[in-house]
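Asks: I'd like to go over a predicted model; first the sequence, then the structure.
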There are 2 protein chains.
Amino acid sequence: MKTCIDDGVPAFDGARLLDGLRTLRGFGARGDAVCRQSLSADDMRSRRYLARRMLDAGLDARIDGVGNVIGRSRQSGPALLLGSHSDTQPVGGWLDGTLGVLAAIEVARALLRCPATAHLAVDVASFIDEEGSHLGFLGSRAAAGLLDQATLDASDSLQGGSLLPRLKAAGLSGLVEPLDLARYAGFIELHIEQGPYLDDAGQSLGVVTAIVGARTLDIVASGEMNHAGSTPMARRRDAGRAMIHLAAALDQCLEQMAGPYTVWNFGQMAFSPGATAIVPDGAMLRLQFRDQDEDLLDAVEAAMMALVQARNGRDGVRLEAVRRGEPTRAVCMDGGLREACIHAAHAVAPTAWRELPSGALHDAGILGRVMPAAMLFVPSIGGISHSAAEDTRTEHLLAGGEALLQAVIAWARINNQLADGS
Amino acid sequence: MKTCIDDGVPAFDGARLLDGLRTLRGFGARGDAVCRQSLSADDMRSRRYLARRMLDAGLDARIDGVGNVIGRSRQSGPALLLGSHSDTQPVGGWLDGTLGVLAAIEVARALLRCPATAHLAVDVASFIDEEGSHLGFLGSRAAAGLLDQATLDASDSLQGGSLLPRLKAAGLSGLVEPLDLARYAGFIELHIEQGPYLDDAGQSLGVVTAIVGARTLDIVASGEMNHAGSTPMARRRDAGRAMIHLAAALDQCLEQMAGPYTVWNFGQMAFSPGATAIVPDGAMLRLQFRDQDEDLLDAVEAAMMALVQARNGRDGVRLEAVRRGEPTRAVCMDGGLREACIHAAHAVAPTAWRELPSGALHDAGILGRVMPAAMLFVPSIGGISHSAAEDTRTEHLLAGGEALLQAVIAWARINNQLADGS
């Protein structure tokens, strides 16, 4: 294989990418599914494999104190950071973040092997626990300096017990070791879409506009428990019926306010005491809504609160909505890096790409708080992810890797880091 | 105290009724509440007390194989059976069925002490487990011949394990011993209303038209689990949203169809998997509705089924409604006994009584399947029952006892069992 194409443009080694994907699939394979939760034995084995692969590509590689695999170019910055995550859901698919990690390694390898681009500083990362088996974005938060040592030391794993002993049991120091943020001009993450927009439209590539923000409201109704046979309807303070009609009204209001990419979910609803013949004195509903536009999210949240307030006290039922946790703010992708990604998409799939927001959260949403960030998507067949059925056509996997390389070159060109014509 | 009033009319001993109520309250008292679940030590002690009290009133008393306390008049039939139940909810009130048992004993006593009525055959029963701590209407079903030995022997207690060892541990034989149904012309049960109609209207007595029928539907929605961030709204098969709008539509339809005494309850609602960020693939809703009119219940059930069917498949969500258990059929009170109760209500509270259905189930609903049955209600303050706050004004307790006596006399008069003028 040639290391450079005409005019010193580096060549992306698609066969190597596919080989890496198949190899990594073997760590935690369960039939077509991949079970490689962060810190598991399979996950830690895969990290050592990734470190070797980074070394082999010409990067200095290390596994940091929380398990991030960092491949660092020997070139001084300003550097680009590429990568994603390689842990999976308890029962996950073979691509998810893994594609973005392996493609990043191949991009670094290609750049280093081509004299015209070997001087570019491009680092690679596989962040740990993006899927939240233990802490949720543990790796990218630690790398971005958004998780301090004291917080980590005091953290429990979502699987129970302290997190620190779990890190140590996996052979990690548990030390938070933030990246040298001054080194980086930005972060680009390639990922499968996980939604159906690209696949439905028959497109090969997506350039992400923003990672959506998400807000969650817990809505609670409080009425009075009563005998469901002997209490006349007019005398009831029925938290269940009040909640049913409130939920329907909230949903209708959301339909009215939604933008083209707005999504919402009533993930939980429950009545208490939950007996056939007892009028419920309590009901709860959890509503989560997402959009890339924080102004829209503000407006929706205000409308939800107003609707709850307007019905509060009706039929003797108290209604209250409270935010659950802090909102996840929408993270706009950086204009310059996005421009580079658009250049790349144009080059690789001139008529088969689009811009779209990411409805799922990603490490780029964390990194994007401390440095410019951008994302490229490839299609998920049927929009399916987090499942054994997760898949992407081979040509789209290759298009993704090629686009990531082209985005780096476009960025370098825009920033005058390449000689004219290279 | 005189045993007869003028013209040989027996005198109801209200003081004795109140004394009995206070005594029985002591069995299982927990503050203002009474905790006397069937077969508990307190319940069994109270049954022996009731048997002694029946003996003292002049009845032959026994506790049958399942715990019913039966006080039998030495007179031959046709007999009237009076009574109710004396077990309570896990945390119950002091009156509930107890009032009807103790008032029945006082009626039997009064009739026996008055020469003009001493020949009337009036038996008294305290049925066990009306509240369903173990089997639900265990006592009245066994007494009415509606529970056979094999079924009982094979039954589990609602508290777990076989029922039979629990009966034996309470000192009972576990033998089903039905009443001699040929002996009885009917059953009259005095009970607190447990609803607010009488109390709201400032009335002292109620004559029950029917014990309502109840039907329960389990409604299930099946969709598809999806990522609640990356799946566009139009692509979702959201069982939760479908159920919210179905429930609202069912409720509106019920509002349209309801008669003056129709009640309904959405006692359970739950989404699965119940995660904030996963589109629910399942939702369940339990609907129970009650009325005294079986034709109305048929119509409501048909409408509910039709509504579910009409929405089945909309937005990719399958909807299904199935009956939960057998319907509890409405039981009309017997015309003749009801007439006797109306006579009694007229006599005791000429301008302060009404006819009304019973929204709660009662032993009279079981006995009413095998013999004529009727019920008298006294008000529940605030409509509250099954609670430490359950109470009835003393004058209404006394009116209830007096009305039960008058109903027996009216029945005897109508049936030519009393000499003219007595």
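Replies: Okay, I see it.
Asks: quick one: buried residues of stretch A:284-298?
Replies: A:284-294, A:296-297 (16 or more other Cβ atoms under 10 Å in any protein chain shown). For glycine as for every other residue, the C-beta is placed from the backbone atoms N, C-alpha and C.
Asks: repeat for stretch A:66-84
Replies: Buried residues in stretch A:66-84, counted by 16+ other Cβ under 10 Å: A:66-73, A:79-84.
Asks: can you put the buried residues of stretch A:284-298 in a markdown table and add secondary structure, pLDDT and distance to chain B?
Replies: Formatted as a markdown table, the buried residues of stretch A:284-298 follow (DSSP: H, G, I helix; E, B strand; the rest coil; pLDDT from 0 to 100; distance: Cβ to the nearest Cβ, whole Å):
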| residue | secondary structure | pLDDT | distance to chain B |
| --- | --- | --- | --- |
| A:Met284 | strand | 98 | 10 |
| A:Leu285 | strand | 98 | 9 |
| A:Arg286 | strand | 97 | 6 |
| A:Leu287 | strand | 98 | 9 |
| A:Gln288 | strand | 97 | 5 |
| A:Phe289 | strand | 98 | 9 |
| A:Arg290 | strand | 96 | 5 |
| A:Asp291 | strand | 97 | 10 |
| A:Gln292 | coil | 95 | 11 |
| A:Asp293 | coil | 96 | 15 |
| A:Glu294 | helix | 96 | 16 |
| A:Leu296 | helix | 98 | 14 |
| A:Leu297 | helix | 98 | 13 |
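Asks: out of the residues you listed, which comes closest to A:Trp264?
Replies: Comparing those against A:Trp264 with Cβ to Cβ places A:Phe289 closest, at 3.9 Å.
Asks: find the nearest non-adjacent residue to the closest one, please.
Replies: A:Trp264 (3.9 Å; Cβ to Cβ, 6 or more residues apart in numbering or on different chains).
Asks: assign that neighbour to helix, strand or coil.
Replies: The three-state assignment at A:Trp264 reads strand, by DSSP: H, G, I helix; E, B strand; the rest coil.
Asks: now swap in the one 4 residues further on and tell me
Replies: The assignment at A:Gln268 comes out as strand when based on three-state DSSP.
Asks: residue ranges with poor pLDDT in chain A?
Replies: Scanning chain A for pLDDT under 70 picks out the ranges A:1-8, A:420-422.
Asks: tell me what the longest helix along it is packed against?
Replies: As assigned by DSSP state H, the longest helix anywhere in chain A is helix A:394-414. With contacts taken as 3 or more Cβ pairs under 8 Å, 6 or more residues apart in numbering or on different chains; DSSP states H and E, helix A:394-414 sits against strand A:9-10, helix A:14-25, strand A:79-85, helix A:98-113, strand A:184-192, strand A:205-211, helix A:335-348, strand A:373-378.
Asks: could you dump those to a markdown table with distance to A:Pro357?
Replies: Output for the helices and strands packed on helix A:394-414, formatted as a markdown table (distance: least, Cβ to Cβ, whole Å):
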| stretch | distance to A:Pro357 |
| --- | --- |
| strand A:9-10 | 30 |
| helix A:14-25 | 26 |
| strand A:79-85 | 18 |
| helix A:98-113 | 18 |
| strand A:184-192 | 13 |
| strand A:205-211 | 5 |
| helix A:335-348 | 12 |
| strand A:373-378 | 10 |
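Asks: tell me the SS of the nearest residue to A:Leu181 once chain neighbours are set aside?
Replies: Distances taken as Cβ to Cβ, 6+ apart place A:Val370 nearest to A:Leu181, at 5.7 Å, with adjacent residues excluded. Here A:Val370 is recorded as coil under three-state DSSP.
Asks: cool, and A:Met54?
Replies: Classified using three-state DSSP, A:Met54 is helix.
Asks: what sits against it?
Replies: Going by Cβ atoms under 8 Å, 6 or more residues apart in numbering or on different chains, A:Met54 touches A:61, A:69, A:71, A:105, A:108, A:124.
Asks: isn't the fourth one up against A:Val124?
Replies: Yep, that's A:Ile105 we're talking about. Yes. The criterion here is Cβ atoms under 8 Å, and A:Ile105 meets it with A:Val124 at 5.4 Å.
Asks: and those two? which has more neighbours close in?
Replies: With neighbours defined as other Cβ atoms under 10 Å in any protein chain shown, A:Ile105 and A:Val124 compare such that A:Val124 has more, 30 against 27.
Asks: about what we covered before: can you tell which of the helices and strands packed on helix A:394-414 is closest to B:Gln194?
Replies: Smallest distance to B:Gln194 across the helices and strands packed on helix A:394-414 (Cβ to Cβ): 56.2 Å, for strand A:205-211.
Asks: which strands and helices lie in contact with the closest one?
Replies: helix A:197-201, strand A:331-332, helix A:335-348, strand A:353-358, helix A:363-367, strand A:373-378, helix A:394-414.
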